[in-house]
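Asks: let's see this in three dimensions:
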Amino acid sequence: MNFLKADYPCVADIIIVLKQQLAAVAESNQECDLDELVYEAISLWDECFEDDNEWFNEDETDLKDSLRDQVLEFIS
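Replies: Residues are numbered from 1 along each chain as shown. Here you go, the predicted structure:
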């Protein structure tokens with residue numbers, strides 16, 4: 001097992017971050033775009049997977065897109 005390589009986040013990981021982000025938005029009385037907020041939460045893992053084409057691929061559906069869809073489906 002390689003402890004230097006992080007695992008991909010799961011929906012629960014993203015929900016934890018999203019909950020904190022939503023609390024901050026509510027406290028500031030700002031409007032938010034939920035889709036954008038979910039993507040921002042997922043993007044916190046970008047540094048871990050910098051050169052990983054499965055994580056982010058501008059030309060194709062990638063893991064970030066898939067996770068965003070899963071989180072939005074879970075919370076709706």
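Asks: so the most centrally placed residue in the chain, which of the three states?
Replies: Central residue of the chain (Cα atoms, centre = their mean): I42, 1.5 Å from the mean position. Secondary structure assignment for I42 (DSSP: H, G, I helix; E, B strand; the rest coil): helix.
Asks: so it makes contact with P9?
Replies: Yes. Because the distance of 7.0 Å satisfies Cβ atoms under 8 Å, I42 is recorded as touching P9. Where C-beta positions appear, they are placed from N, C-alpha and C, glycine not excepted.
Asks: tell me, what's touching these two both at once?
Replies: Common neighbours of I42 and P9 (criterion: Cβ atoms under 8 Å, 6 or more residues apart in numbering): L67.
Asks: residues contacting R68?
Replies: Contacts of R68 (Cβ under 8 Å, 6+ apart): 35, 38-39, 42.
Asks: let's go with 10 Å and repeat that
Replies: For R68, the contacting residues are 14, 35-36, 38-39, 41-43, 62, by Cβ atoms under 10 Å, 6 or more residues apart in numbering.
Asks: go through the longest helix anywhere in the chain and flag the buried ones.
Replies: Secondary structure of the chain per DSSP state H: the longest helix is helix 11-28. Under the neighbour-count criterion of 16 or more other Cβ atoms under 10 Å, helix 11-28 has 13-14, 17-18, 21 buried.
Asks: cool, thanks, signing off.
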